[in-house]
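S.K.: here is my input, please return the structure:
(one chain, ligands or ions: 3)
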Amino acid sequence: MELDGLDPNRIPRHVACVMDGNGRWATKQGLPRTEGHRAGEEALFDTTCGALELGIPFFTVYAFSTENWRRPHEEVRFLLSVIADQLLTRRRDELHQMGVCIRFIGRRDWRVPRWVVKRMDEASALTAHNRAMTLTVAFNYGGRAEIVDAVKAVVASGVSPAKIDERTIHRYLYAPDLPDPDLVIRTSGEFRVSNFLLWELAYSELVFTDVLWPDFRREHLVEAIREFQARNRRYGTTGGRGDGIPN
Ligand code: IPE
Ligand code: IPE
Ligand code: MG
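M.R.: Ligands and ions are numbered 1, 2, ... in the order given. Here you go, the predicted model:
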């Protein structure tokens, strides 16, 4: 694949992805929705390999939202098993060999079965020291829940209200060491954020594509980065030199 004409000096540091459209992909082929989730795992693996090849240090994917529990029980169970069995068991060693550090953001509440928590912990422990790329899986994740959890932790810390600023909130997010995403991709032709990384995407570039997630491959990632590289990030400034635009 190589860089496919991309500017190597402007590869985004952090790419995040809303992997959407599994159900529609399956329905289009007359298959049960669950087959879309199964096929989505291949897309995730291929795209992760592509991100690694491109030298993207941080890649984050939205795998299961705090709202996804509202789906039929059978589908929820299937989704959990795709994440825990396929990604965290079957692919885990391959990802480890490639030097990928796997981590998770989201709530670990009573709804997450113990066996899933165990697989998550095992994958994180195994890959904790890998440095080639960090793959963050947003699981039982909600942007609002993350902000609520951060606020609770701020209050519990006993800090005086006058001392609270954006950095204080940031310190208590699920993964404060991750840089904010430069680029957020959403597949399947939906133009919404669906409670993903609400705090962190304040200045992210958003790229939407009609491709359904199970069809998404590293080439589509390259396409999205091409679009990203054509954007002019201003961060509220007029965009001139010396405007104090953060790196
Ligand atoms: C994304 O595909 C997977 C998750 C949300 C977990 P969907 O299952 O939402 O597929 P569509 O949007 O119904 O096609
Ligand atoms: C967002 O997709 C959540 C994940 C991809 C995990 P959804 O399919 O749940 O979002 P909505 O319902 O279309 O907003
Ligand atoms: Mg969807």
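
S.K.: what's the neighbour count on the residue of the chain found nearest ligand 1?
M.R.: Relative to ligand 1, the nearest point of the chain is Gly23 (2.9 Å; CB to the nearest ligand atom). Backbone N, C-alpha and C define where each C-beta goes, glycine included. Using other CB atoms under 10 Å, Gly23 has 22 other residues around it.

S.K.: in what helix or strand does it lie?
M.R.: helix 22-28 (DSSP states H and E).

S.K.: picking that back up, OK, contacts around the residue of the chain closest to ligand 1?
M.R.: Shown in contact with Gly23 (CB atoms under 8 Å, 6 or more residues apart in numbering): 33, 36.

S.K.: any chance you could map the strands in this protein?
M.R.: 14-18, 58-65, 100-105, 133-141, 183-186, 205-208 (DSSP state E).

S.K.: can I get the ones you listed in JSON lines with mean pLDDT, distance to ligand 1 and mean neighbour count?
M.R.: Formatted as JSON lines, the strands of the chain follow (pLDDT from 0 to 100; distance: least, CB to the nearest ligand atom, whole Å; neighbours: other CB atoms under 10 Å):
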{"stretch": "strand 14-18", "mean pLDDT": "98", "distance to ligand 1": "8", "mean neighbour count": "25"}
{"stretch": "strand 58-65", "mean pLDDT": "98", "distance to ligand 1": "5", "mean neighbour count": "24"}
{"stretch": "strand 100-105", "mean pLDDT": "98", "distance to ligand 1": "15", "mean neighbour count": "21"}
{"stretch": "strand 133-141", "mean pLDDT": "98", "distance to ligand 1": "10", "mean neighbour count": "24"}
{"stretch": "strand 183-186", "mean pLDDT": "98", "distance to ligand 1": "10", "mean neighbour count": "25"}
{"stretch": "strand 205-208", "mean pLDDT": "98", "distance to ligand 1": "13", "mean neighbour count": "19"}
